[in-house]
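Chemist: heads up, no residue letters with this:
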């Protein structure tokens with residue numbers, strides 16, 4: 001088998017990657033300027049998985065609400081540090097927003113131990129009071145279920161967008177199906193696929209859309 005490594009300017013790798021994604025999707029793309037497509041495109045770029053084109057879902061107003069929250073200086077809450085690490089904090093900071101993740105907090109671990117909850121679940125509960133505009137769940141279905149419950153109890157005008165894309169085999173698909181059924185402002189990927197890179201890619205796409 002012949003293997004050919006392309007020579008390409010490092011500064012043009014991302015641009016070429018997005019060109020390849022658009023080329024391979026070709027007939028499926030109705031509007032390349034659609035904000036939802038911009039989000040999906042960045043998820044495919046982060047994962048190399050074209051199935052996200054078919055399994056991602058956006059509720060009406062989800063992207064617009066996220067852009068308003070970012071431009072308004074709202075913060076982003078994540079379930080695990082891997083999601084937080086992947087978010088472009090420098091770009092977010094231009095509007096005053098910050099990224100919060102409480103999963104490593106000692107008090108979170110103690111509360112989780114005493115209440116028989118996961119640390120991610122407790123971390124979401126602890127962080128929702130931090131002027132949150134987006135809750136990004138990329139790992140723990142328990143955190144997504146808690147976010148759905150707590151956000152559902154908030155006043156409608158104060159509810160953050162939920163980016164719910166946990167991955168795995170235990171309640172990942174079920175928690176996302178529940179999000180899609182019960183929460184009016186979310187972005188998700190149905191089924192088992194998801195993960196921290198997907199959550200971070202979605203948030204980064206939203207930040208870039210806010211810049212436009």
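Modeler: Right, received. Where do you want to start? Remember, it's a predicted structure, so these values are computed and weren't measured experimentally.
Chemist: In the protein, where's the longest helix?
Modeler: helix 196-211 (DSSP state H).
Chemist: mind listing the strands for this protein?
Modeler: Using DSSP state E, the strands of the chain run over 56-58, 75-78, 99-100, 132-137, 161-164, 186-189.
Chemist: Adding distance to residue 28, mean pLDDT and mean neighbour count, write those out as JSON lines.
Modeler: (Each C-beta comes from the backbone N, C-alpha and C, glycine too.) Converted to JSON lines, the strands of the chain look like this (distance: least, Cβ to Cβ, whole Å; pLDDT from 0 to 100; neighbours: other Cβ atoms under 10 Å):
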{"stretch": "strand 56-58", "distance to residue 28": "13", "mean pLDDT": "98", "mean neighbour count": "18"}
{"stretch": "strand 75-78", "distance to residue 28": "30", "mean pLDDT": "98", "mean neighbour count": "28"}
{"stretch": "strand 99-100", "distance to residue 28": "32", "mean pLDDT": "96", "mean neighbour count": "20"}
{"stretch": "strand 132-137", "distance to residue 28": "26", "mean pLDDT": "98", "mean neighbour count": "28"}
{"stretch": "strand 161-164", "distance to residue 28": "23", "mean pLDDT": "98", "mean neighbour count": "29"}
{"stretch": "strand 186-189", "distance to residue 28": "16", "mean pLDDT": "98", "mean neighbour count": "28"}
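Chemist: Include distance to residue 18 when you put those into a markdown table, please.
Modeler: What follows is the strands of the chain, written out as a markdown table (distance: least, Cβ to Cβ, whole Å):
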| stretch | distance to residue 18 |
| --- | --- |
| strand 56-58 | 17 |
| strand 75-78 | 24 |
| strand 99-100 | 24 |
| strand 132-137 | 22 |
| strand 161-164 | 21 |
| strand 186-189 | 19 |
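Chemist: Of all the ones you listed, which one comes closest to residue 200?
Modeler: Distances from residue 200 to each of these were compared by Cβ to Cβ, and the smallest falls on strand 132-137, at 7.4 Å.
Chemist: Relative to the whole chain's centre, how far out is that closest one?
Modeler: Per Cα atoms, centre = their mean, to the nearest Å, the displacement of strand 132-137 from the mean C-alpha position of its chain is 8 Å.
Chemist: Neighbouring strands of it in the sheet, and parallel or not?
Modeler: Strands adjacent to strand 132-137 in the sheet, as given by DSSP bridges, are strand 75-78 (parallel), strand 161-164 (parallel).
Chemist: Of all those, which one is nearest residue 23?
Modeler: For those, distance to residue 23 was read as Cβ to Cβ. The smallest value, 27.2 Å, belongs to strand 161-164.
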